[in-house]
Structure formats: structure tokens, C-alpha cells
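Asks: model the structure of this input:
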Amino acid sequence: QVQLVESGGGLVQAGGSLRLSCAASGRTFSSSDMGWFRQAPGKEREFVAAITWFSGSIDVADSVKGRFTISRDNAKNTLYLQMNNLSPEDTAVYYCAVLRRSYATRREPGGYDYWGEGTQVTVSS
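Replies: Predicted coordinates for the structure are as follows:
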């Protein structure tokens, strides 16, 4: 069993920044590849970023590349998503998840088995 709790969401103006955190417990976080997804109202869940357990490989969606940074602190069992230069199009619920399958499936929601409850990010224009 794995528990994931996201935090750090909120309301921010366009151009602003937020840092999301995902606190993990219940399984060896340090050996798990992790990812961030987001879902806007009426849209499918969308891949944002992924990171291997040793931070040796990082993947970021083109829509956020250059603005969002994924990182992790295995000593704190915490995953992060630094979001800069936010735009209204980034408004969504953001979820962290544990990758169950190979890193090759990191962009597919079906590759993940444990998900947090999500944290709302709202960007005003």
C-alpha cells in the first residue's frame, strides 16, 4: 500500500509560480519512478513530467517544457513540481503517481498504480 498526498496548489496570477509537493509513504519511495499528471475540467488526464528513482532520467511534456521542473528528495520521501510562468491553460487538478510499469510507459496514465487525491491549481489571467 502506498499513500501519496499532494500539496502546494492554489490560485495564482498568470506569470506567477507555484511549487507542488507530493509526500509519499508506505512503500520504498526511493526505488520508485514517479510522475505528475494534470486534468482540466472536461479533458483527459494529461502527462506533465516523470522522473526515475535515482533522478537519472527526466521527461517533461512539451506543453510545459522550460517552465516546469520535476525533482525529488528521496531522504524526505517527497516529489516536487516547480511551475514557473504559469498561464490560464495550466489550470487543472495536479496528481502525483507511482509508475508501476517500465519507464517506457511513463506518459501513459495506465502505467501508474498509486495516485494521490490531487491538488487544484488555478491560474487567473
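Asks: look up how far L81 lies from the closest residue to A23 other than its chain neighbours.
Replies: Closest residue to A23 apart from its sequence neighbours, by C-beta to C-beta, 6 or more residues apart in numbering: V5 at 4.8 Å. For glycine as for every other residue, the C-beta is placed from the backbone atoms N, C-alpha and C. Taking C-beta to C-beta, to the nearest Å as the measure, V5 falls 14 Å from L81.
Asks: can you give me the end-to-end span of stretch 94-112?
Replies: The distance separating the two terminal residues of stretch 94-112, taken as C-alpha to C-alpha, to the nearest Å, comes to 15 Å.
Asks: distance from it to the middle of the chain?
Replies: For stretch 94-112, the distance from its own C-alpha centre to the chain's C-alpha centre is 10 Å (C-alpha atoms, centre = their mean, to the nearest Å).
Asks: show me what contacts the most centrally placed residue in the chain?
Replies: Centroid-nearest residue in the chain, with C-alpha atoms, centre = their mean: W36, separated by 2.2 Å. With contact taken as C-beta atoms under 8 Å, 6 or more residues apart in numbering, W36 is in contact with L20, C22, V48, A49, A50, I70, L79, L81, Y94, Y95, C96, A97.
Asks: many thanks, I have nothing further to ask.
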